[in-house]
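Novice: Give me the fold of what follows.
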Amino acid sequence: MSDAKPARKPNRYAAIIERIFFSHYTSGTLEFQFAREEIVSVAAGLDVALPKNLGDLIYSFRYRYELPPAILATADEGLEWIIEGCGQALYRFRQAKLNRIVPRPDLITVKVPDSTPEIIAAYALSDEQALLAKVRYNRLIDIFLGITAYSLQNHLRTNLKSIGQIEIDEMYVGIDRHGRQFVVPVQAKGGSDKHGVVQTNQDIAYCKTKFPDLVCRAVSAQFMTQDRIAMFELTVQDDEVKVVEEKHYRLVPAAEIKSEDLQAYNLRAD
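Specialist: Numbers count the residues shown, from 1 in each chain. Presented below is the predicted three-dimensional model:
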C-alpha cells in the first residue's frame, strides 16, 4: 500500500493542472492568469480528491515534478512554462528560458571543517531543516559571499501585493569590510526538490520592497549528498534568473583537510 501512495499524488495533481492549463491556453499564448479557486472547481469536475493544501499543487510543479507532457509540448522552442504568483490567490503561467537550477557536475568541491553540533545533526527533522542548520553553523553564507552575515529570521511568510503569499526559508543580514550592508534571502532544497526561478524572483522582489537600502544577494543551497552542499548566488537579468556564482562545499572533520588540499586552495585564491 505505501508504495502506491506517492504515484497517486502526481497523477491527481497532473490531471488538475492540465485541465486548468487548457481551459485558458490558446495556440501562441505566452502567458495567462488563473485563480486558486479553480483548483477546487476542477477537482470537483474531474471527481478527484481535493488536495488538503491547495498551495502544495502549485509548489509541486514548481520544484518537484515536471508539468504534464501535454503542457510541455505547447512551449515554444527554447522556452518552458513556469507558474508565478501575481496577486492574492492568483497565479500566472508564463513561458521563460530557465526553470530549474541544478548543480554543475564538473565543479571542484572545497573541504570545510564541520562545525555542526552533533546534537543538531541527530535531531534535524527534515533535509531542509538539516541543510539550513549546516549552512548556519558552518557560516557557509560568510564563506560563500565573503561577508559577515547573521541569521535574521527563519521561515519568513509574508505577502507582496503584486505576487501574493511568499515564503523565504531563512533571511540573513550582513556587512563587508567597506561598510556595505546586505540582505541575503536563502532558499534550501533537499531530497528531490529543485530550485526554480519563481522563488528567486519572489525573494528579490521582497528584499527590494522591504530593504531598499541594502544590497540583495539571493542564495540557494542544495544537498548533493549529506555532507556535500551546492551554493548558488542568483540574480535577475533581463527578466531571467542567472547564476552569478556556484560553489560546492564538503563538511569534513578538520583532520581530513590535508596539506595538499590547503596548497591547492592557496593557488586558487585571488
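Novice: Show the model's pLDDT score for the closest residue to residue 95 other than its chain neighbours.
Specialist: Spatial nearest neighbour of residue 95, excluding adjacent residues (Cβ to Cβ, 6 or more residues apart in numbering): residue 79 at 4.2 Å. The way it works is simple: take the backbone N, C-alpha and C, and place the C-beta from them, glycine included. Looking at residue 79, its pLDDT stands at 87.
Novice: For residue 79, give its distance to residue 235.
Specialist: 20 Å (Cβ to Cβ, to the nearest Å).
Novice: do the same with residue 153
Specialist: Look at residue 153 and residue 235: by Cβ to Cβ, they are 22 Å apart.
Novice: For the two, indicate the residue with more neighbours.
Specialist: residue 235 (15 against 10; other Cβ atoms under 10 Å).
Novice: can you map out the strands along the chain?
Specialist: Along the chain, the segments classed as strands by DSSP state E run 31-35, 80-87, 90-96, 100-101, 109-113, 148-160, 164-175, 181-189, 195-196, 215-216, 218-225, 228-237, 240-252.
Novice: out of those, nearest to residue 55?
Specialist: Of all the strands of the chain, strand 164-175 sits nearest to residue 55, with 7.7 Å by Cβ to Cβ.
Novice: For the closest one, which strands pair with it and how are they oriented?
Specialist: strand 148-160 (antiparallel), strand 181-189 (antiparallel) (DSSP bridges).
Novice: Surely residue 167 and residue 157 touch.
Specialist: Yes: with contact defined as Cβ atoms under 8 Å, residue 167 counts as touching residue 157 (4.9 Å).
Novice: Pick out whichever of the two has more residues nearby.
Specialist: residue 167 (14 against 8).
Novice: Can you name the residues that contact that one?
Specialist: Counting by Cβ atoms under 8 Å, 6 or more residues apart in numbering, residue 167 makes contact with 155, 156, 157.
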